[in-house]
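**Q** Sequence first, predicted model second:
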Amino acid sequence: MSSTEHAIISPAILYWGTPVVLVTSENEDGTSNIAPMSSAWWLGHSCVLGFGAESKTPQNILRTGECVLNLPSDTMGDVVNKLADTTGSDPVSDAKTSRNYRFVKDKWARAGLHPQPSSFVAPPRIAECPVQMECQVVQVTELRKDLPDRAGLAIAIEVRVLRVHVLQSLRMEGHPNRVDPDKWRPLIMTFQELYGLRDGKVVPSVLGRIDEEKYRGFTRSDVKKLPGDDDDQIAVAEGEA
Ligand SMILES: Cc1cc2nc3c(=O)[nH]c(=O)nc-3n(C[C@H](O)[C@H](O)[C@H](O)COP(=O)(O)O)c2cc1C
C-alpha cells in the first residue's frame, strides 16, 4: 500500500528510458519504410524489438526476415518527430487514426533522410545515423498470451546483428572494435519524451502529444481481470480524498 515515500500508481505505459531506434525495412514493392521505436534491448549481438503487431515495420520484418537498426544521435530529435505521427500502412488502423497518425509512403523524403546500401540485407541504412546495424530475424514471440483478447497485439522480434557500422568519430582510440561512450550521445525516449544523456528535454516531442491512457488497451483485458488491473484508480481516489 501507499506510504509517505511511495504511492501506488498505474502508468498506462512503463517507458522508463531507452534509446530510439530508426528501423528500416523493405516494403512489398521493394521500396523501404522507416519507423522510430524504442522498445529494444541488447544482449551480445542479439537484440529484442517490441512492436505493436499492426505496424508496417514488424509486418515487413516478418515477411522478409531482415531489417536495419539505425541509432539517431541526440541532435536528431526533429528527424524523429517528423516520423512520429506516420505509418507506412495504408489504410491507417482505427487505433492509429485515433492517435492522429497518417499514411506516408516515402518516409525518407518526409524526414529528409538519405539511404546507403547495406552489405548483407535489402533494407538500406540511414546515412544520417551515426550507428547502423544490419540484422536478420531469429525468432518471434507473441506477447500478452495471458489475455485472450490482447494476445498477439504486441510482438517481440529477436534479431541477430550481422554487421555494425559506426561513424569514425565514435570509435575508441587504440581499440579498433570499441565505441567510446564519451563520444556517443544516443537519443533517449522516456514516457514519450525525447532526452539526451544530459539534463533536459532536447526538443518537445510530437509523440508526447498523445494521451498516455490511449495505450492502456494494450495491457488490460476487457474479458479477464488480473491483480492490479484497477490500480490506476488508486491514485485517482487518493487525489479525490
Ligand atoms: C520515439 C518513438 C518511439 C517509439 N517506440 C515504439 C516501440 O518501441 N514499438 C512500437 O511498436 N512503436 C513505437 N513507436 C510508434 C511507431 O513509430 C508507430 O507505430 C509507427 O506508426 C510505426 O510505423 P510503421 O507503421 O510505418 O511501421 C515509437 C514512436 C516514436 C516516435
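**A** Yep, that arrived. Since we're looking at a predicted model, the values are computed, not measured.

**Q** mind listing what residue 54 touches?
**A** 89, 93, 95-96, 153 (C-beta atoms under 8 Å, 6 or more residues apart in numbering). From N, CA and C alone the C-beta is placed, and that goes for glycine too.

**Q** Residue 198 now?
**A** Contact analysis of residue 198 by C-beta under 8 Å, 6+ apart lists 74, 185.

**Q** Distance-wise, check the residue nearest in space to the middle of the chain relative to the ligand.
**A** The centre of the chain sits closest to residue 37, judged by C-alpha atoms, centre = their mean, with a distance of 1.5 Å. Distance, residue 37 to the ligand, by C-beta to the nearest ligand atom, to the nearest Å: 4 Å.

**Q** I'd say that residue and residue 48 touch.
**A** No. The pair residue 37 / residue 48 is not scored as a contact, 11.6 Å apart, by C-beta atoms under 8 Å.

**Q** before we move on, back to that, identify the residues contacting the closest residue to the residue nearest to the centre of the chain other than its chain neighbours.
**A** Leaving aside its sequence neighbours, residue 37 sits nearest to residue 21 (C-beta to C-beta, 6 or more residues apart in numbering; 5.4 Å). Residues near residue 21 by C-beta under 8 Å, 6+ apart: 36-38, 40, 49, 69-71.

**Q** Relative to residue 141, how far out is residue 21?
**A** Using C-beta to C-beta, to the nearest Å, we find residue 21 at a distance of 18 Å from residue 141.

**Q** before we move on, what about residue 220?
**A** According to C-beta to C-beta, residue 220 stands 20 Å off from residue 141.

**Q** These two: who's more crowded?
**A** Applying other C-beta atoms under 10 Å to residue 220 and residue 141 shows that residue 220 carries more neighbours, namely 18 against 13.

**Q** Apart from its chain neighbours, what residue comes closest to the more buried one?
**A** In space, and not counting its chain neighbours, residue 220 is closest to residue 229: 5.6 Å by C-beta to C-beta, 6+ apart.

**Q** tell me, how many neighbours does that neighbour end up with?
**A** Residues contacting residue 229 under the criterion other C-beta under 10 Å number 14.

**Q** Residue 139 now?
**A** Residue 139: 9 neighbours (other C-beta under 10 Å).

**Q** just to revisit the earlier point, in the contacts of residue 54, which residue is surrounded by the most others?
**A** In terms of neighbours by other C-beta under 10 Å, these top out with residue 96 at 19 neighbours.

**Q** Quick check: bridge partners of residue 40?
**A** Legend: beta-bridge partners of residue 40 under DSSP bridges are residue 49.

**Q** Tell me if I'm right that residue 90 and residue 103 touch.
**A** Yes. Using C-beta under 8 Å, residue 90 is in contact with residue 103, at 4.4 Å.

**Q** Which one's more surrounded, these two?
**A** When residue 90 and residue 103 are compared for neighbours, residue 103 comes out ahead with 13 against 10, by other C-beta under 10 Å.

**Q** quick one, phi/psi of that one?
**A** Here is the backbone geometry of residue 103 (degrees, to the nearest 10): phi -70, psi 130.

**Q** for residue 239, helix, strand, or coil?
**A** Secondary structure, DSSP: H, G, I helix; E, B strand; the rest coil: residue 239 is helix.

**Q** re earlier: list the contacts for the residue nearest to the centre of the chain?
**A** The contact partners of residue 37, taken as C-beta under 8 Å, 6+ apart, are 20-21, 23, 49-51, 57.

**Q** just these that are near the ligand?
**A** Filtering the contacts of residue 37 for proximity to the ligand by C-beta under 6 Å from any ligand atom leaves 20, 50-51, 57.
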